[in-house]
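>>> Any chance you could fold what I've pasted below:
(2 chains)
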Protein chains: 2
Amino acid sequence: MPGERLVVIGGVAAGMSAASRARRLSPQMEVVVLEKGDHVSYGACGLTFLVSGLVPRPEDLIVFTPERLRAERGLDVRTRHEAVEIVTAQKIVRVRRGSELFPLKYDKLVITTGGAPAQSIPGADRPGVFTCNNLASALELRRFLDEQRPRRGVVIGSGYIGLEAAEALRRRQLDVTVLERSENLLEDMEPEIVEQVAERLAAHGVRIQLKAAVNSIESAPDGSLSVVHNSRSVLPADVIVVATGLVPQAELAAQAGVLLGTSGAIRTDDRQQTNVPSIYAAGDCVETLQLVSNAPTYMPLGTTANKQGRVAGENAAGGNATFPGIVGTLVTKVFELEVAKTGLSVASARAAGFSVEAITVNSFSQAKYLQGKPLCAKLVADRSSGRLLGAQLAGEEGAARRVDVVATALTARMTLAEFVHLDLGYAPPFGPVYDPLLIAAWELLKKLGRRR
Amino acid sequence: MPGERLVVIGGVAAGMSAASRARRLSPQMEVVVLEKGDHVSYGACGLTFLVSGLVPRPEDLIVFTPERLRAERGLDVRTRHEAVEIVTAQKIVRVRRGSELFPLKYDKLVITTGGAPAQSIPGADRPGVFTCNNLASALELRRFLDEQRPRRGVVIGSGYIGLEAAEALRRRQLDVTVLERSENLLEDMEPEIVEQVAERLAAHGVRIQLKAAVNSIESAPDGSLSVVHNSRSVLPADVIVVATGLVPQAELAAQAGVLLGTSGAIRTDDRQQTNVPSIYAAGDCVETLQLVSNAPTYMPLGTTANKQGRVAGENAAGGNATFPGIVGTLVTKVFELEVAKTGLSVASARAAGFSVEAITVNSFSQAKYLQGKPLCAKLVADRSSGRLLGAQLAGEEGAARRVDVVATALTARMTLAEFVHLDLGYAPPFGPVYDPLLIAAWELLKKLGRRR
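Here you go, the predicted structure:
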C-alpha cells in the first residue's frame, strides 16, 4: 500500500521476487530487503557450475547488484543486515549490522529465511570444508580449489546437490568420493533410475560409499583432512563438500509466533500468508502443498521459491495472488545423464495411502534408425482410480523434456486412460512413434486391467 | 471374433497397427492385409532421412517384412494386392493382383487407404519427378540421386514434408529451390515462427519462391526438366520433388456407401467405426476430432495413424477401445531448428469462433550463463474464458520438448491462470528459472487482464 513499508527478510530467490513484485504493483510502497550475506539476487541453482568452472564469473550468476536494485527498481537492499528478532506487537524487526543492533518498523513483512544444512557434522567448520548453499560458500570453495589445488575431494551427501558437487570436483580433476549414509543415492528416486546414476558416476571415476554415516571431520597438523564415518572408518581428504540437504530456517519466524508445519517449515495459506497478520513467507523456509498427495511437503527448490515470492510480494502489496502448490518436479544432470522426477515415487505414494502399481519401460529418445539414446521411464499409478501419480526418467536426452508432460498431467489429475491418448509431437529426431511415456502408460494400464 | 476374417486395406502405419492389435486380442481370427505397394510396416515419417542418407538402409525403416509378419504374428500380408471395390451387400472386397481380379470375403473390414498428393500437376509423371509419400517413391528418388547426380533440385510445396525434402536434397549437395504457391511457408504457422524457418533455410542456401503457383512440369529432349509457374516463369531443374500435401484417399470407401466428412476424409465415431456396420477406418484417410475446436479436422500424421489403427483393430476384434481425438501437435526439424505447434493458430482459433489474444516471447532454452539458445514461443488463448488454445515454438533446442507440455494442457482444457502455475522442472541446463512457456503464459494473462 502507498506510504507503507514492506520489509523482506532474505534477498535471494523468494525475497527478491517478493520485493520486485511489490514494488511493481505499489510504486509508493517503501520496500526494504535485509540480507545477512554479501550477495542478493543470484541464481543459487547455478552455484555448482561456478565451482566446476562451466560458469566462469560470479557476475554471470548475479541478476542484480544491490546498487542496481536501488537505482533501477527503487528497492532499499541492505546486505550484511541480519534480522535477529520480529516483534509483532510493535511491528518491528530487530536488525544486526556488524556490532550494531537497531529496530526497523514494518507494515508488511515477507520472511524468506531459506534453508540450512540438514546435518550438523562436528568439524564442519574446519578450513577446507565447504557447502554449496550460497554464493559466498561456493566462491570460497572455488578459491580454495584454485589456490590449494587439492587432490582428494569428499562429498558428504548424495542428493542432487551432492552429485552436482561431485561432478564439479571431478571436472576439476580431483579424485572424488561421495559418502551417503543411507542405502541409496538420491533419496526418493526409484532403484531403476538410481542404478543408471550409479553407473554414470562410476564411468566418470566417482567413488560412492553407501551406508556411510559420518561422525566427524578431523584435521591433521599439516592441514590435511579426514572424514570419520561408521564410528571407525577414516577417509582422508584435501577438500570436503557438505551437501546433506536442507532443513527450513524457521526459528526467527517461530519465535514471533508464526506457526510451523509438521515438516518444521513455516505453514502458509495459498496466498503465502502465515497465521500472523501482515506476515507472509516464501521459499526454502516454507512448506508447500503437494498437489498429488494433497498433503503439505517440504521440497526446497529455486523455481518454487521464485513463484512463491512473487505471490507473497503481490499480496503484501495489497493484491490477491495464489500459489496452488507443486507436483514435485525435479530435474538434474549427472554428467551426460538427464535425471527427472515428478509426483510421487512408489514409496511416497504408498506412504500417502495409495494402492500403488508401477511399471518401468526402457525405450529410446529418438527413432532407433537415427541412433536414439536409451531412455528409462518409470510410471506410478493408483490401482483403484487409475490415476497417474508420478514418473521418474533417466537418459542422455529426452528425460527432462518428458517429465514436464507428466507434471502437467498430474496437475490436471489425469488418469492413465486419459494420458495414454495424449497427442504428443512425433518426428523421428524427437522420439519413437510411440513416445516412451505413452508406451509406459499403455503397459501400466494393461497391468491395472489384469489386477482389477 | 474367432473364426471370422478381418480384412485390412493398407499395410503401413494404421493398417499394420490394426492388424497386429486384432491378432493379439483374437488369436483365432483370420487377419488378411492387402497392400497395393511392395512394402508394409515401415516408418513413413523417416522417408526424407532415407533420401538424405541419414538413414542409410531402407531396412532400417522397415519394422517387419511380410514374411516375418506371417511367421511371427500369423498375419496374412499380401503386397501388390489392390482393393478395387467393396461390396457391402455380400461383404466382399474385390482385389486386383497383377491382371487377376478376385473376391475376398470379410467379416470385419478396416480401411486404411491413406492419403494422396493434394495437387495434380501436369507432367508430374515425367522421369526425374518424385514424391516422398511412400517407401517406393523415396527409394526411387534416392536411386536417381545416386545414379544421375542431379545438380539442381526443385521442391514444390513448403509444408513440413517439403522442407524436409529440401533439406535432404541440400544435404546431398544440390542447389535447392522451394516453390510455394501461397504467401508463406508452412501453412498455419505463425509469422514469428515462419520468419525463423525462412532465415534458417536461407542460411543453408535453400532458395524460397513464394506466391509461385505451379502450372506444369516440362521436360526437354535431353531429359532436363523445368517447372512452369505463374503462367510464364520457367525454373530449370534436374530433379523435382512434389510435396504439395495430402488429400484423403477415400474413393474406395465412398463408393461402398461410407460417409465422408466435409474435409473429404472418412467420418468415423470415436471407436473408428464408419456409418457402415463392420467397417472401420483409420489413418490418413479419415478425419479426426480436433479437441480444442471440438470440430472434425483433417491432419494426416503417423502417430495419429498408429493410434487410430490400434483402436480400429481392437474394435474389429470385438473389443471396445476409443480414440478421443487430437489437439494437433506437429514437430519437425528444419536443419538445426526445432519447429513445433499444437492446438490452434491465431487464424484457426478465429475461424473456430474464439475471441483470440496471443503473445510472442523470445527467451532461452537454458540459463543464459550456460549459453542457452534463443527460443521463440507464441501462445494463443481465448479472451473471454482465459482458456489456452494453442502454442507454436521455434529454437535450436527445447521447442519440441515444450510443445508436449502445451498439448497436455490443451487436452486438460487448462486456462492460462492454471497453466502459469505449472510445476515444470528447472535446472540451469534445461531452461531459465521461469520457463519460456510460463513467461509467455504470464504475459498473456496480463494482456487478457488489461483487455477485460
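
>>> Quick check: phi and psi on the residue sitting nearest the centre point of chain A?
Chain A has A:L301 as the residue nearest its centroid, 3.0 Å off, counting by CA atoms, centre = their mean. Note on A:L301: backbone dihedrals following degrees, to the nearest 10 are phi -140, psi 150.

>>> do A:C45 as well
The phi/psi pair for A:C45 (degrees, to the nearest 10) is phi -70, psi -10.

>>> hang on, the earlier thing: tell me the pLDDT at the residue nearest to the centre of chain A?
Predicted confidence (pLDDT) for A:L301: 93.

>>> just the residues of the stretch 251-400 of chain A that are near chain B, which are they?
Residues of the stretch 251-400 of chain A lying near chain B by CB under 8 Å from any CB of the partner chain: A:291, A:301-304, A:306-307, A:323-333, A:338, A:340, A:342, A:367-370, A:400. Quick note: C-beta positions are derived from backbone N, CA and C, even for glycine.

>>> mind giving me the domain split of chain A?
Chain A resolves into domains spanning A:5-43+A:55-116+A:247-316, A:119-244, A:330-451 when parsed by automatic domain parsing.

>>> how far does the last one sit from the chain's center?
Averaged C-alpha coordinates place domain A:330-451 at 22 Å from its chain's average position (CA atoms, centre = their mean, to the nearest Å).

>>> before we move on, back to that, can you tell me which of the residues of the stretch 251-400 of chain A next to chain B are in helices?
A:302-304, A:306-307, A:400 (DSSP state H).

>>> who wins for most neighbours among the residues you listed?
A:K307 (29 neighbours; other CB atoms under 10 Å in any protein chain shown).

>>> Please name the residues that touch the spatially closest residue to that residue that is not a sequence neighbour.
Sequence neighbours aside, A:F323 is the residue nearest to A:K307 in space, at 6.0 Å (criterion: CB to CB, 6 or more residues apart in numbering or on different chains). Taking CB atoms under 8 Å, 6 or more residues apart in numbering or on different chains, we find A:F323 in contact with A:270-272, A:288, A:307-308, A:311, B:421.

>>> Please apply the same query to A:Q28.
A:2-3.

>>> For the stretch 1-150 of chain A, give the residue positioned nearest to chain B.
Going by CB to the nearest CB, chain B is nearest to A:D60 of the stretch 1-150 of chain A, at 3.9 Å.

>>> how about stretch A:126-139: buried residues?
A:128-135, A:137-139 (16 or more other CB atoms under 10 Å in any protein chain shown).

>>> mind putting these in JSON lines, secondary structure and distance to chain B included?
Shown next, in JSON lines, are these (DSSP: H, G, I helix; E, B strand; the rest coil; distance: CB to the nearest CB, whole Å):
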{"residue": "A:G128", "secondary structure": "coil", "distance to chain B": "27"}
{"residue": "A:V129", "secondary structure": "strand", "distance to chain B": "25"}
{"residue": "A:F130", "secondary structure": "strand", "distance to chain B": "20"}
{"residue": "A:T131", "secondary structure": "coil", "distance to chain B": "18"}
{"residue": "A:C132", "secondary structure": "coil", "distance to chain B": "13"}
{"residue": "A:N133", "secondary structure": "coil", "distance to chain B": "16"}
{"residue": "A:N134", "secondary structure": "coil", "distance to chain B": "16"}
{"residue": "A:L135", "secondary structure": "helix", "distance to chain B": "13"}
{"residue": "A:S137", "secondary structure": "helix", "distance to chain B": "18"}
{"residue": "A:A138", "secondary structure": "helix", "distance to chain B": "13"}
{"residue": "A:L139", "secondary structure": "helix", "distance to chain B": "15"}
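
>>> if we can go back for a sec, looking at the ones in helices among the residues of the stretch 251-400 of chain A next to chain B, spot the one nearest A:R232.
A:G302 (38.7 Å; CB to CB).

>>> any low-confidence regions in chain A?
A:1, A:450-452 (pLDDT under 70).

>>> Report the buried residues of stretch A:171-190.
So for stretch A:171-190, counting by 16+ other CB under 10 Å, buried means A:171-172, A:174-181, A:184-186, A:188-190.

>>> oh, I was asking about stretch A:71-82
Under 16+ other CB under 10 Å, the buried positions of stretch A:71-82 are A:73, A:75-79, A:81-82.

>>> And the helix or strand A:R24 falls within, what does it pack against?
Using DSSP states H and E, A:R24 sits in helix A:13-25. When contacts are defined as 3 or more CB pairs under 8 Å, 6 or more residues apart in numbering or on different chains; DSSP states H and E, helix A:13-25 packs onto strand A:5-9, strand A:30-35, helix A:66-73, strand A:108-111, helix A:302-316.

>>> May I have the strands that pair with the fourth one, each with its orientation?
Pairing partners of strand A:108-111, with direction, according to DSSP bridges: strand A:5-9 (parallel), strand A:279-281 (parallel).

>>> Return the most buried member of those.
Sort these by mean neighbour count, taking mean count of other CB atoms under 10 Å in any protein chain shown, and strand A:279-281 sits at the top with a mean of 29.

>>> Please name the nearest non-neighbouring residue to the one residue in the stretch 101-250 of chain A that gets nearest to chain B.
Across the stretch 101-250 of chain A, the shortest distance to chain B (CB to the nearest CB) belongs to A:Y160, at 8.2 Å. The shortest distance from A:Y160 to any non-neighbouring residue, by CB to CB, 6+ apart, is to A:T332 (4.2 Å).

>>> is that neighbour in a bridge, and if so with what?
Applying DSSP bridges, one finds that A:T332 bridges with A:V339.

>>> ok, back up a step: distance to B:P117 added to the helices and strands packed on helix A:13-25, as TSV?
As requested, the helices and strands packed on helix A:13-25 are exported to TSV (distance: least, CB to CB, whole Å):
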stretch	distance to B:P117
strand A:5-9	63
strand A:30-35	64
helix A:66-73	58
strand A:108-111	62
helix A:302-316	47
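
>>> what pairs with the nearest residue to A:N215 once chain neighbours are set aside across the strands?
Excluding the flanking residues, the one nearest A:N215 by CB to CB, 6+ apart is A:V228, at 4.6 Å. Going by DSSP bridges, A:V228 is paired in beta bridges with A:S216, A:V234.

>>> residue contacts, A:V228?
A:V228 neighbours (CB under 8 Å, 6+ apart): A:214-218, A:234.

>>> May I have the secondary structure class of A:V93?
Recorded secondary structure, A:V93: strand (DSSP: H, G, I helix; E, B strand; the rest coil).

>>> among the buried residues of stretch A:126-139, which two are most distant?
A:G128 and A:L135 (19.2 Å).

>>> circling back: any idea how far the residue nearest to A:N215 is from B:Q308?
64 Å (CB to CB, to the nearest Å).

>>> Check A:P221 too.
76 Å.

>>> Looking at the two, which is more packed in?
Neighbours were counted for A:P221 and for B:Q308 using other CB under 10 Å; B:Q308 has more, 28 against 5.
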